[in-house]
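Colleague: no letters, just coordinates:
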């Protein structure tokens, strides 16, 4: 079985019932689970599920990242602290709350993984409109990597500009290409892509879940930001509103999971507001 720890980061102002269930299931396999709460105490929040979540999944190692006291990028500060000061296992699994996967199926299929990096994605597909190839982004939604490689790459999770940025293209024959931008053409990359670009200096052994027969997964994407938009009453600007509304409904009916009554009330409030916004005629 893989020797691994989990690192996940989220604001305490958001609860993910289905994710808490997955963490319970993962706790049987992972050496440790590091749950990072990122927040800004100088701003405060309308609601805080932090204590409820701590009490519900006490097996997690909770780490508070208060942006008020950090002179650095919040994402880097949290993940770097977890990897460098808390993780000791051979592998680290970065996973996001909106990555949906059957844990028992996942672990049965990847238990003998011994490569450098295992991430999610599909082999290239053809865009129905443009006819061009579509490749998966190397994403922190599910990213299992040797801790030594993450550290060798600097464990730098900041966003920034990288000259000669490299991009991986996964081929249908399970091989991959590394495509480099011209040296004189710097590319703006986000937090996690900066890390993976640096890791390519040490390894090009990036494998996909589908290579191990794991195909029953889904990344909702944008869930946490949508919660922020809902709290601000910006229901017409939600990312994939219909899908998000279904996500909210699904998370109100998770068997065997404890609920904070505030979460139930807010979810029902958001569902009603989204439904109303979808019925409004376009401006």
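Modeller: That came through fine. Note that the coordinates shown come from a computational prediction; the quantities given were computed from them, not determined experimentally. Numbering: from 1, shown residues only.

Colleague: after the worst-scoring helix or strand of the chain on mean pLDDT, which helix or strand is next?
Modeller: Least confident helix or strand, the chain: strand 133-134 with a mean of 55, by mean pLDDT, DSSP states H and E. Scanning forward in sequence from strand 133-134 by DSSP states H and E, the next helix or strand is strand 142-146.

Colleague: what's that next one packed up against?
Modeller: For strand 142-146, the packing partners by 3 or more CB pairs under 8 Å, 6 or more residues apart in numbering; DSSP states H and E come out as strand 91-95, strand 117-119, helix 191-199. C-beta: built from backbone N, CA, C; applies to glycine.

Colleague: what bits of this protein have low per-residue confidence?
Modeller: Confidence mapping of the chain against pLDDT under 70 gives the ranges 122-137, 281-283.

Colleague: domain parsing for it?
Modeller: Split into domains by automatic domain parsing, the chain comes to 4-154+203-219, 223-278.

Colleague: residues near residue 234, how many?
Modeller: 12 (other CB atoms under 10 Å).

Colleague: can you redo the helices and strands packed on strand 142-146 as TSV with mean neighbour count?
Modeller: Output for these, formatted as TSV (neighbours: other CB atoms under 10 Å):
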stretch	mean neighbour count
strand 91-95	23
strand 117-119	23
helix 191-199	21
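
Colleague: where along the stretch 151-283 of the chain do the strands fall?
Modeller: 160-162, 166-170, 176-180, 187-189, 206-208, 217-219 (DSSP state E, counting those that start in this stretch).

Colleague: got TSV for those strands, with mean neighbour count and distance to residue 10 too?
Modeller: Shown next, in TSV, are the strands of the stretch 151-283 of the chain (neighbours: other CB atoms under 10 Å; distance: least, CB to CB, whole Å):
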stretch	mean neighbour count	distance to residue 10
strand 160-162	13	23
strand 166-170	19	27
strand 176-180	12	30
strand 187-189	15	22
strand 206-208	20	25
strand 217-219	15	15
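
Colleague: relative to residue 4, which of those strands is closest?
Modeller: Closest of these to residue 4 is strand 206-208, at 14.9 Å (criterion: CB to CB).

Colleague: tell me the strands beside the closest one, with direction?
Modeller: strand 117-119 (parallel) (DSSP bridges).

Colleague: so how far is the strand it pairs with from its chain's centroid?
Modeller: 13 Å (CA atoms, centre = their mean, to the nearest Å).

Colleague: stretch 150-169 too?
Modeller: The chain centroid and the centroid of stretch 150-169 are separated by 17 Å, computed with CA atoms, centre = their mean.

Colleague: can you list the neighbours in contact with the helix ranked longest in the chain?
Modeller: Assignment by DSSP state H gives helix 261-278 as the longest helix of the chain. With contacts defined as CB atoms under 8 Å, 6 or more residues apart in numbering, helix 261-278 is touched by 15, 17, 47, 49, 230, 233, 235-236, 238, 241-242, 244-245, 248-249, 251-252.

Colleague: for the strands of the stretch 151-283 of the chain, give me CSV that also has distance to residue 256.
Modeller: Below are the strands of the stretch 151-283 of the chain laid out as CSV (distance: least, CB to CB, whole Å):
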stretch, distance to residue 256
strand 160-162, 43
strand 166-170, 36
strand 176-180, 40
strand 187-189, 40
strand 206-208, 31
strand 217-219, 21
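
Colleague: so which of those comes closest to residue 35?
Modeller: Of all the strands of the stretch 151-283 of the chain, strand 217-219 sits nearest to residue 35, with 19.1 Å by CB to CB.

Colleague: about what we covered before: now for the helices and strands packed on strand 142-146, which one comes closest to residue 208?
Modeller: strand 117-119 (6.4 Å).

Colleague: and for that closest one, what's in contact with it?
Modeller: So strand 117-119 is contacted by 110, 136, 138-139, 142-146, 149, 199, 203, 205-209, 212 (CB under 8 Å, 6+ apart).

Colleague: torsion angles phi and psi at residue 62?
Modeller: Main-chain torsions, residue 62, degrees, to the nearest 10: phi -90, psi 130.

Colleague: quickly list what it is bridged to.
Modeller: According to DSSP bridges, beta-bridge pairing links residue 62 with residue 35.

Colleague: how many residues are close by it?
Modeller: Around residue 62 there are 15 residues (other CB under 10 Å).

Colleague: I figured it was touching residue 32, is that so?
Modeller: No: counting by CB atoms under 8 Å, residue 62 does not reach residue 32; the two are 11.5 Å apart.

Colleague: CSV for the helices and strands packed on strand 142-146, including distance to residue 216?
Modeller: Shown next, in CSV, are these (distance: least, CB to CB, whole Å):
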stretch, distance to residue 216
strand 91-95, 16
strand 117-119, 16
helix 191-199, 24
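
Colleague: that'll do, ta.
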